[in-house]
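> here's a sequence, model it:
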Amino acid sequence: MINAAAASVVTFGEVMLRLAAPDGARLANAQVLDATFGGGEANVAASLAGFGLPARFVTRVPANDLGAGAIRFLRGLGVDTSGVVVEAGRLGVYYLEPGAAQRASRVVYDRADSCIARAGAGAYDWASLLDGARWFHTTGITPALSAAAAEATLAAVRAARAAGASVSVDLNYRAKLWGWGAAAGEVMAGIVAEADVLIGNEEDAEKVFGISAPGSAVAEGRVDSAGYASVAAQLAGRFPRLRTIAFTQRGSISASENTWTGVIWTPDEFHVARSYRIAPIVDRVGAGDAFAAGLIYALLDGRSPQAALEFAVAASCLKHSIRGDVNQVSVGEVDALAGGSGSGRVER
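Next up, the predicted model:
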């Protein structure tokens, strides 16, 4: 097992207020909304804290009840919030309409001019924030928010590299966010160039870098795992610092039923994980973050690429059964599923 004292992880990004319509309700007509907090990098920190690792989350929140609530939420999950700056401003919000059957889930963002979107590279003391960190994680969501946030993200990965931490980047392409003027591929190229580990889903590489997988038609719910060996090889050729590239792969039968697996590339190997059939889905939001957290944990634990992939896929499979953004499961539960225990029988 990991020596937790020697495996501190720092993540950087935005935590938001999440307002979700009840299952089966349309957002436009919902009379009540379920309020909680979430966000890609915050979800990763919370998952890792749940696995027993020291996890510090770096962000900015407003000096009001919403900011205080977000901090309290993260602390309650074991996250180190000493890197959270409280200041005048606003908290980003996202509204969720859960899908079902053939009706897709929908997200509406209200994140413009949030605290983190206004803060540039000079707003963070990375030497202090990264003190003792073995791993740094961020995503393509944060630089999509604004030019200032993109500059801050680039400065963060460079500082992490200089501090000797391993760097992971989840591409996490969000078309609705890239509206401040720069193309996602242009911005993410500089950030990914500093990474050791790159994470994405079945369409991120195509949306960000124009690299598609032979044999896959994501819009039709068909994903060919073998084709991602080519995607990974092309990414590795463009970004030679990368030593691990991992993709989640979702086969969408409907909004209520998906298949779920993943692949991992290293310079010496390419592996495909066990595939899970997930039905019914309770909440798919945050599954990619659960995968990232599982992969980070397993790699820090010294597991082989195949074992690390199986752990990450199992962790993210379990996330589909949990309401909210955060994957609140234990290492033991993930290992049990990865080892073949997936019947869902009552444990007595």
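> helix, strand or coil for the residue sitting nearest the centre point of the chain?
Central residue of the chain (C-alpha atoms, centre = their mean): Asp289, 2.8 Å from the mean position. Under DSSP: H, G, I helix; E, B strand; the rest coil, Asp289 falls in the helix class.
> who's in contact with it?
Contacts here follow C-beta atoms under 8 Å, 6 or more residues apart in numbering; on that basis Asp289 touches Gly40, Glu41, Asn43, Val44, Ser47, Asp170, Asp325, Asn327. For every residue, glycine as well, the C-beta is placed using N, CA and C.
> give me the nearest residue to it, chain neighbours excluded.
Asn43 (3.7 Å; C-beta to C-beta, 6 or more residues apart in numbering).
> tell me the pLDDT of the residue nearest to the centre of the chain.
Each residue has a pLDDT score; the one for Asp289 is 98.
> distance of it relative to Gly39?
Asp289 is 9 Å from Gly39, where distance means C-beta to C-beta, to the nearest Å.
> need the residues touching each of these two.
Asp325.
> mind checking how far the residue nearest to Asp289 is from Ala205?
To Ala205, Asn43 is 21 Å away according to C-beta to C-beta.
> can you give me the helices for this protein?
Using DSSP state H, the helices of the chain run over residues 40-50, 65-76, 115-118, 126-129, 147-162, 184-192, 204-209, 228-238, 287-300, 305-319, 331-338.
> mind checking pLDDT for His320?
Predicted confidence (pLDDT) for His320: 97.
> change the start of the numbering to 14 and stick with it
Will do, 14 is the new start, and the previous item becomes His333.
> can you pull the contacts of it?
Listed by C-beta under 8 Å, 6+ apart, the contact partners of His333 are Asn271, Trp273, Ile291, Ile294, Val295, Asp296, Arg297, Ala300.
> so which of those residues are in strands?
Using DSSP state E, the subset of these located in strands is Asn271, Trp273, Ile291.
> tell me which of those is nearest to Pro67?
Relative to Pro67, the closest of these is Trp273; by C-beta to C-beta it sits at 28.8 Å.
> in this structure Ala132 contacts Ala165, no?
Yes - Ala132 lies in contact with Ala165 (C-beta atoms under 8 Å); the separation is 6.0 Å.
> select from the ones in strands among the contacts of His333 the one having the most neighbours.
Among the ones in strands among the contacts of His333, Trp273 has the most neighbours (other C-beta atoms under 10 Å), with 24 neighbours.
> for the protein, which spans come out with low pLDDT?
Applying pLDDT under 70 to the chain picks out residues 14-20, 228-235, 355-361.
> try 50 this time
358-359, 361 (pLDDT under 50).
> buried residues, stretch 164-184. List them.
Buried residues in stretch 164-184, defined by neighbour count with 16 or more other C-beta atoms under 10 Å: 164-174, 176, 178-184.
> make that stretch 126-139, sorry
Ser127, Cys128, Ile129, Ala130, Arg131, Ala132, Ala134, Ala136, Tyr137, Trp139.
> counting neighbours, what do you get for the spatially closest residue to the fifth one that is not a sequence neighbour?
Same thing as Arg131. Closest residue to Arg131 apart from its sequence neighbours, by C-beta to C-beta, 6+ apart: Ala161 at 6.1 Å. Residues near Ala161, counting by other C-beta under 10 Å, number 18.
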